[in-house]
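# Got a sequence here, can you model it:
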Amino acid sequence: MTSAGLTNVTDVSVLDGVISWKPTTNATNQIKYQNVVFVLDHSQASSSGSAKTGYIIAALVEDSEKSPEERFQLLLLATDSVPDELLRRFRIGGLPDYLRPVKGEQDVDVIVSTKSGVGLSQLFWQTVLQPLWNSVDELSSEVNVVITQDEHSVRNFAQSLASSISKSKRTVVLLSGDGGIVDLINGGPHDAQQQPLLAVLPLGTGNALFSSLHKPLWVSQDGKIQDISSIILGLRTLFKGVSANLPLFYASFPSGSRIVKFKPAANKEEEIPAEDNSAAAALHLAKEEIQVSHLYGAVVASYGFHSSLIYESDTPEYRVHGDKRFGMVAEQLLRESHPYIAQVDVRHPSLSEWETIPRNEHTYVLVTPLSNLERTFTISPASKPLDGKLRLVHFGNIGGERTMDAMMKAYDGGKHVGLKWDDGHEVRYEEVDEVRVTILEEDERWHKVCIDGTIVDIPKGGQLSVRKEDKSGFQILVDSRVLPSSS
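Predicted coordinates for the structure are as follows:
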């Protein structure tokens, strides 16, 4: 990461979406409009009581092609004058109250998930977020910074919140992907007097929750994806967001169900041969198993192709490939084109009767309150930020080629919805209140269900139940423009 620190500039101007200034700093004297994080107006700052004047323009330039150390370039430009166009859109007057710890009134935590995504969270904290925070207001020693040490760190932190008797408001800033969020909501205080406020900076692989909650900001009205970094959107929301209820669902499992996680091989004999990188070979890794009866989710519950894809790509060998690992494992699963044997029952909104899907061979069964599983993968095009509605996407045993066709259409703005074939198969898409999946498979490999990236192994004959959760217990920080009242 490179940064010029706080640099004095003059003659700031905006023309055709490009911001320029004098003199040249860090070999540049211009950035794009979409690189701006905020403009700090010292005259509005209320924390120090000082007579400061002027502005700080904070901007971030991100280049994913560069090495991790050079990926982020933070610019902090001090100036006496800023064009009104920038002030109208980006002005802040200081640190928002939810980021300002006050003993007995407001707690602030920063969770740096070191293993999320491709491992950029700690570098991002040290070289982007921490100096950016300090540019607004010196980072208080009362901010609790948690650098995760292992996969249990976030869950342990959440459990400490659940056991706390503090009546303070609490903001938890998560530098992580969806996995950190699910660990927090499953260990956290669902019945607390004060609902924790979660602020997410998307440093995972898929970042489904973040992408879906910010979709109106990166997709134009004609459906085109705009060229703006998710990280910058996250930083803007962090310093200028509003709180909203985080919609959750509740997934329950029968006795004998286990959370299954891959862990690094304990010895050379357990490692996958270098010449064999197939998904099947990955299954030979040692596994950790934890008994489980239920999980809360905010992203997705699935059985079939999606759950197998998440499970079989979550090995240390595959994770080093980032989101490319999904394509590597998908290719193997599509070649096998396994028909998943299960009974699927659905209960629709405002109805008490259950409908049984008239087939027992399935390829894809997925329930979600979100629109996107990745920024460009629109699984539920009717879903809106914060609407809390569960929607089911499912289709039968259609073979690998047609499954790939459906997935590619999901990458094309959700055009898989309504897809039909001459033999009567189709992609069904419907709003639901509850879904039950009864596993009828003999082979344990096909017993896996996915809840927000957590894999649960359900015994044969066991049933996954997914329903809306009315009482979330958590707030989420969002841009005010995505609130339902503003749509």
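
# all contacts plus neighbour counts: C-alpha atoms, from now on.
Will do.

# doesn't Leu248 make contact with Ser472?
Yes - with contact defined as Cα atoms under 8 Å, Ser472 and Leu248 form a contacting pair (5.8 Å).

# Please say which of those two ends up with more neighbours.
Per other Cα atoms under 10 Å, whichever of Ser472 and Leu248 has more neighbours is Leu248, with 26 against 21.

# hang on, Thr171 packs against Ile111?
No - taking Cα under 8 Å as the definition, Thr171 is not a contact partner of Ile111, at 10.7 Å.

# The residue lying closest to Ser380 once chain neighbours are set aside and Val9, how far apart?
Leaving out its chain neighbours, the residue that sits closest to Ser380 by Cα to Cα, 6 or more residues apart in numbering is Ser371, at 4.4 Å. With distances taken as Cα to Cα, to the nearest Å, Ser371 is found 42 Å from Val9.

# Those two: who's more crowded?
It is Ser371, of Ser371 and Val9, that has more neighbours when counted by other Cα under 10 Å, with 25 against 21.

# Tell me the spacing between the more buried one and Leu184.
Counting by Cα to Cα, the gap from Ser371 to Leu184 is 22 Å.

# Now the closest residue to Leu139 other than its chain neighbours: which helix or strand?
Using Cα to Cα, 6+ apart and skipping the chain neighbours, the partner closest in space to Leu139 is Trp133 (6.4 Å). Using DSSP states H and E, the secondary-structure element containing Trp133 is helix 130-136.

# next SSE after that helix?
Elements were assigned by DSSP H and E; along the chain past helix 130-136, the next helix or strand is strand 144-147.

# Name every strand pairing with that next one and say which way it goes.
Partner strands and pairing direction for strand 144-147 (DSSP bridges) are strand 106-112 (parallel).

# any idea of the mean pLDDT for the strand it pairs with?
Taken as a whole, strand 106-112 carries a mean pLDDT of 95.

# Ends of stretch 460-475, what's the gap?
Start-to-end span of stretch 460-475 (Cα to Cα) is 37 Å.

# which of the residues in that stretch are buried?
Of the residues in stretch 460-475, 460, 462-469, 472-475 count as buried by neighbour count, 16 or more other Cα atoms under 10 Å.

# Confidence-wise, which of the residues you listed comes last?
Among the buried residues of stretch 460-475, Ser472 has the lowest pLDDT, at 80.

# Let's verify that residue: helix, strand, or coil?
Here Ser472 takes the coil state, with states given by DSSP: H, G, I helix; E, B strand; the rest coil.

# Quick check on the residue nearest in space to the middle of the chain: phi, psi?
The geometric centre of the chain, computed from its C-alpha atoms, lies nearest to Asn207 (Cα atoms, centre = their mean), at 2.8 Å. According to degrees, to the nearest 10, the main-chain angles of Asn207 amount to phi 50, psi 50.

# okay, and the helix or strand of the chain with the least pLDDT?
For the chain, counting by mean pLDDT, DSSP states H and E, helix 279-282 ranks last in confidence among helices and strands (a mean of 46).

# Toward the C-terminus, what is the element adjacent to it?
strand 287-291.

# then that next one to CSV, C-alphas only?
Backbone C-alpha positions of strand 287-291 (Å, rounded to 0.1, in the frame of the first residue of the first chain) are rendered in CSV as follows:
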residue,chain,number,x,y,z
LYS,A,287,-12.3,-32.8,8.8
GLU,A,288,-13.5,-31.2,12.0
GLU,A,289,-17.0,-32.0,13.0
ILE,A,290,-19.3,-30.1,15.5
GLN,A,291,-22.8,-31.1,16.6
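
# Sheet partners, orientation included, of it?
Taking DSSP bridges as the criterion, strand 287-291 forms sheet pairs with strand 258-262 (antiparallel).

# Looking at the strand it pairs with now, give me its mean pLDDT.
Strand 258-262 comes out with an average pLDDT of 87.

# Please compute how far that strand lies from its chain's middle.
Averaging C-alpha coordinates over strand 258-262 and over its chain gives two centres that are 21 Å apart (Cα atoms, centre = their mean, to the nearest Å).

# switch to numbering from 17
With 17 as the first residue, the last one maps to strand 274-278.

# Can you tell me the element the nearest residue to Val451 once chain neighbours are set aside falls in?
In this structure, Val451 finds its nearest non-sequential neighbour in Val362, 4.7 Å apart by Cα to Cα, 6+ apart. With elements delineated by DSSP H and E, Val362 resides in strand 356-363, which encompasses its position.

# So what would you say the end-to-end distance of stretch 406-424 is?
22 Å.

# which parts of that stretch are buried?
Residues of stretch 406-424 classed as buried: 406-414, 416, 419, 422-423 (neighbour count, 16+ other Cα under 10 Å).

# before we move on, the earlier item: list the contacts of the strand holding Val362.
Contacts to strand 356-363, defined as Cα atoms under 8 Å, 6 or more residues apart in numbering, come from residues 320, 369-373, 375-379, 413, 448-457, 462.

# Going through the residues you listed, which ones are buried?
With neighbours counted by 16+ other Cα under 10 Å, the contacts of strand 356-363 contain buried members at 320, 376-379, 413, 448-457, 462.

# returning to that earlier point: any idea which helix or strand comes after the strand holding Val362?
Counting by DSSP H and E, the element that comes right after strand 356-363 along the chain is strand 371-372.

# helices or strands next to that next one in the packing?
Other helices and strands packing on strand 371-372, by 3 or more Cα pairs under 8 Å, 6 or more residues apart in numbering; DSSP states H and E, are strand 356-363.
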